[in-house]
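> need a structure here:
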Amino acid sequence: MATYKKRGYKPSNQEEKKKSAEEESTTAEVFNTLDESASRTETWVADNQKYIYIIVGVAIVAVLGYLGYNRFILEPKQTEAANEMAQAQDYMSSALRASGAQSDSLYNLALNGGEGKYGFLDIIENYGGTDAANLAHYNAGFAFLRTGKYQEAIEQLEDFSSDDEVLAALATGGIGDAFMQLDQPNEALGYYEKAAEMRSNSFTTPRFLLKAAITAIKLGDADTAEEYLLQIEDEYPDAPEAEKVPIYLGQARAMIN
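Predicted coordinates:
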């Protein structure tokens, strides 16, 4: 057990004197080691000061550059791109309400521009990295899909990215539609399944579950079709797609039997 030593305590015998000397020596060694380590650190900092300043400077410049880019370049670019795309969106809306040759003409204007304004493809080319360009991929994809340019539609929709509950699923399902038109039902089924699983809501989920079921019937996969149809029936009985379930469910079960 350690014994408390009063201030001014002196060793009473040789053994204690030796022990005290050893403790003082050990303490001195510890402090010497700390001094040497500190000295080496100071020397390293001094020797590499130039490089440290460069690294710190680069980090500061990178942060300031990022903030400056967002404020003075990206944000104004976002606004400009959105303004430029207004006319293309107007053409797209008109095309959705039109039919036949008029519809195709409006989709082409939406894609390529008109009245001195950019189309979706121009927005993508000139404003890459902006939200407007991302949305232009979505619109361009569906414009190509509705004008029979299915490969182009796939490419544009694959470039679209969104966390939106509806748009993300619609874009993925749109790729499935394009593959169906290209007579590639296996690929289409995969995208319909992905679109149905991406979000759980009463709009996109039953929509793509039904498309997946119909495609599965086309592929002769009655079990998969039945599974998706029953899911619509059980989980989305009020969705418009639920009204079509009995028809396709009968087809699937007829294939099984």
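
> what's stretch 135-144 in contact with?
85, 88-89, 92, 95, 107-108, 110-111, 120-121, 123-124, 127, 150, 152-157, 159-160, 162, 167, 171, 174-175 (CB atoms under 8 Å, 6 or more residues apart in numbering). All C-beta spots, glycine's among them, are computed from the backbone N, C-alpha and C.

> helices of the stretch 151-257 of the chain, residue ranges please.
Taking DSSP state H, counting those that start in this stretch to define them, one finds helices in the stretch 151-257 of the chain at 167-181, 185-198, 204-218, 222-235, 245-256.

> now those helices as CSV including distance to Ala81 and mean neighbour count?
Compiled in CSV, those are given as follows (distance: least, CB to CB, whole Å; neighbours: other CB atoms under 10 Å):
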stretch, distance to Ala81, mean neighbour count
helix 167-181, 18, 22
helix 185-198, 27, 20
helix 204-218, 27, 24
helix 222-235, 39, 19
helix 245-256, 43, 15
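
> rebuild the ones you listed as a markdown table, extending it with mean pLDDT and distance to Gln78.
As requested, the helices of the stretch 151-257 of the chain are exported to a markdown table (pLDDT from 0 to 100; distance: least, CB to CB, whole Å):
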| stretch | mean pLDDT | distance to Gln78 |
| --- | --- | --- |
| helix 167-181 | 96 | 18 |
| helix 185-198 | 97 | 26 |
| helix 204-218 | 97 | 27 |
| helix 222-235 | 97 | 39 |
| helix 245-256 | 94 | 44 |
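
> redo the ones you listed as JSON lines? Include distance to His137.
Compiled in JSON lines, the helices of the stretch 151-257 of the chain are given as follows (distance: least, CB to CB, whole Å):
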{"stretch": "helix 167-181", "distance to His137": "8"}
{"stretch": "helix 185-198", "distance to His137": "16"}
{"stretch": "helix 204-218", "distance to His137": "18"}
{"stretch": "helix 222-235", "distance to His137": "28"}
{"stretch": "helix 245-256", "distance to His137": "32"}
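
> wait, which of those helices is closest to Asp131?
helix 167-181 (12.0 Å; CB to CB).

> domains for the chain, by residue range?
50-161, 163-257 (automatic domain parsing).

> averaged pLDDT, stretch 85-92. What do you get?
For stretch 85-92, mean pLDDT is 89.

> contacting residues around the residue lying closest to Lys211 once chain neighbours are set aside?
Closest residue in space to Lys211, ignoring its immediate chain neighbours: Tyr192 at 4.6 Å, by CB to CB, 6 or more residues apart in numbering. For Tyr192, the contacting residues are 173, 176, 208-209, 211-212, 215, by CB under 8 Å, 6+ apart.
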